[in-house]
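Colleague: structure of the sequence below:
(one chain, ligands or ions: 2)
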Amino acid sequence: MGKTLFEKIWEKHVVDTLPDGTIQLYIDRLYCHEVTSPQAFAGLKARGLKPFRPEQITCMPDHNIPTLNQDKPIDDPVSKNQVDTLEQNAKDFNLTYYGLQHPKNGIIHVVGPENGLTQPGMTLVCGDSHTSTHGALGAIAFGIGTSEVEMTLATQCIMQRKPKTMRISIDGKRKPGVTAKDFALYVISKMTTGGATGYFVEYAGEAIRNTTMEERLTICNLSIEMGARGGMIAPDDVTFAYLKDREFSPRGEAWEKSLAEWRKLYSDADARFDKEIVFHAGDIEPMITYGTNPGMGMGIRENIPAMEKIDEAGRISYKKSLDYMGFTAGEPVLGKKIDYVFLGSCTNGRIEDFRAFASLVKGRRKADNVTAWLVPGSWMVERQIRAEGIDKILNEAGFELRQPGCSACLAMNEDKVPVGKYAVSTSNRNFEGRQGPGARTILAGPLVAAAAAVTGCITDPRDLAED
Ligand SMILES: CC(C)[C@H](C(=O)O)[C@@H](O)C(=O)O
Ligand code: SF4
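Modeller: Ligands and ions are numbered 1, 2, ... in the order given. Below you'll find the predicted structure:
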């Protein structure tokens, strides 16, 4: 029987199998950020250990950093301490560190791929659930806890149970105006937030094959929001073209050698998945969420599901969720006034997202009732925005660019949405309080965010495109 993409990579990385079936898995890359690494480094130090493979570890602060005045000391003492601690740990152990304002700093899940650190066939971990993003390049990438960060620092291995495999295919061609974020929100709305728990997902099908590399990163990023251990896409010419000549990509003869290996990374025709699911791209509309988890999503023109449509057991929490959002079951969300727009995060903070946003706001003006935070996912994205003149288009439309970081995605810095206010956000989580205490988050792709930013309310971007 053939092998799945997941199995091909997994099997190459198995070091040992314990009597109880637990696998000791070799890890090619460990990424560390400031939130989930301090105790891991402290544990390492307490045991007198050193990182086993320091050259395979990259550290950078991203969660706590301000998006203005990054040249000044961080005001918030807790944030400052976390960032300083990561810098000190990286220094103590001689690890690669991209600190504040370093040209390669940014959100770890944006920086890894764009520098060619993440490559097909790798195993890769980080103390962060959205590590699933890196699977877009055809790698096994997943989030781990802090004690596992410590284990990986010390041994470059991790103890894991082999997850089940699931293939989610999206067949056919997408409609105009539908983005990768819409694919992801659609899939999660159908799967629910627990629908892929225990599985490692491979995305396949015509509509996936026809995505750009950045779109694939968006899709894999959201895998965790349906409970999946990770998500991945078989590498192909799109992947290889993206990786060619990136700073840490192999070069010359090594590139050719890697390419020959990478071309073997696909699921064989007779490979068996534990679960197969098929969706049709033509069914997918621009999406928005109306509730307090990423599975509560719908086409932007639809009405919020009526109470009768909800299982009786779920009605109390459904009502609670809508109450938090200030929405009523059965009503449309289209036309609702909003207060904030956040373009950014490891989901939609890449150059293509800024291009998409700019394409729609070009020649229009930011709505007066909207505060907009446009936060590039990294300095590399920021530089490209300027090189392409996108910043000028944004400025002319009344928008300003901020400095890179996680920012309002989880509001660990000053970028907090005030209580009761609505934010259309291109990030990945709309949990209660995620963007600030009492903040109300509506998840969407960059085009829906742009349409909201210029109209001040929830607007179908296709209506503007037809103006
Ligand atoms: C802070 C970190 C542990 C967390 C995660 O694991 O995802 C964060 O990145 C998030 O998006 O909620
Ligand atoms: S951008 Fe958001 S989702 Fe991504 S790592 Fe940062 S906090 Fe987590």
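Colleague: for the rest of this, base every contact and every neighbour count on C-alpha atoms.
Modeller: Fine.
Colleague: how about the top helix by length along the chain and ligand 2, any contact?
Modeller: Longest helix of the chain, by residue count under DSSP state H: helix 77-92. No - applying Cα under 6 Å from any ligand atom, one finds helix 77-92 out of contact with ligand 2, separated by at least 13.7 Å.
Colleague: again, but for stretch 351-359
Modeller: No - with Cα under 6 Å from any ligand atom as the measure, stretch 351-359 is seen stopping short of ligand 2, the closest distance being 13.9 Å.
Colleague: which parts of this structure sit against ligand 2?
Modeller: For the chain, the contact set with ligand 2 under Cα under 6 Å from any ligand atom comprises His63, His130, Ser345, Cys346, Cys406, Cys409, Leu410.
Colleague: adding distance to Met213, write those residues out as CSV.
Modeller: Below are the residues of the chain next to ligand 2 laid out as CSV (distance: Cα to Cα, whole Å):
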residue, distance to Met213
His63, 24
His130, 17
Ser345, 16
Cys346, 14
Cys406, 21
Cys409, 22
Leu410, 25
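Colleague: filter those down to the buried ones.
Modeller: His63, His130, Ser345, Cys346, Cys406, Cys409, Leu410 (16 or more other Cα atoms under 10 Å).
Colleague: filter those residues down to the ones near ligand 1?
Modeller: Answer for those near ligand 1 (Cα under 6 Å from any ligand atom): His130.
Colleague: what would the buried ones among the residues of the chain next to ligand 2 look like in a markdown table with pLDDT and secondary structure?
Modeller: What follows is these, written out as a markdown table (pLDDT from 0 to 100; DSSP: H, G, I helix; E, B strand; the rest coil):
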| residue | pLDDT | secondary structure |
| --- | --- | --- |
| His63 | 98 | coil |
| His130 | 98 | helix |
| Ser345 | 98 | helix |
| Cys346 | 98 | helix |
| Cys406 | 98 | coil |
| Cys409 | 98 | helix |
| Leu410 | 97 | coil |
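Colleague: could you pull up the residues touching whichever residue of the stretch 201-350 of the chain sits closest to ligand 2?
Modeller: Nearest to ligand 2 in the stretch 201-350 of the chain, going by Cα to the nearest ligand atom, is Ser345, at a distance of 3.7 Å. Contact analysis of Ser345 by Cα atoms under 8 Å, 6 or more residues apart in numbering lists Ile107, Val375, Pro376, Gly377, Gly405, Cys406, Ser407, Cys409, Thr426, Ser427.
Colleague: can I get the residues you listed in TSV including secondary structure?
Modeller: Below are those laid out as TSV (DSSP: H, G, I helix; E, B strand; the rest coil):
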residue	secondary structure
Ile107	coil
Val375	coil
Pro376	coil
Gly377	coil
Gly405	coil
Cys406	coil
Ser407	helix
Cys409	helix
Thr426	coil
Ser427	coil
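Colleague: out of these, who's the most crowded?
Modeller: Pro376 (33 neighbours; other Cα atoms under 10 Å).
Colleague: could you check the pLDDT of that one?
Modeller: pLDDT, Pro376: 98.
Colleague: so it sits right up against Thr347, yeah?
Modeller: No - the pair Pro376 / Thr347 is not scored as a contact, 11.0 Å apart, by Cα atoms under 8 Å.
Colleague: kindly indicate which of the residues of the chain next to ligand 2 lies nearest Gly398.
Modeller: The closest of the residues of the chain next to ligand 2 to Gly398 turns out to be Ser345 (Cα to Cα; 21.1 Å).
Colleague: who in this structure is up against ligand 1?
Modeller: Checking the chain against ligand 1 by Cα under 6 Å from any ligand atom, the hits are Val35, Thr36, Asp128, Ser129, His130.
Colleague: alright, calling it a day.
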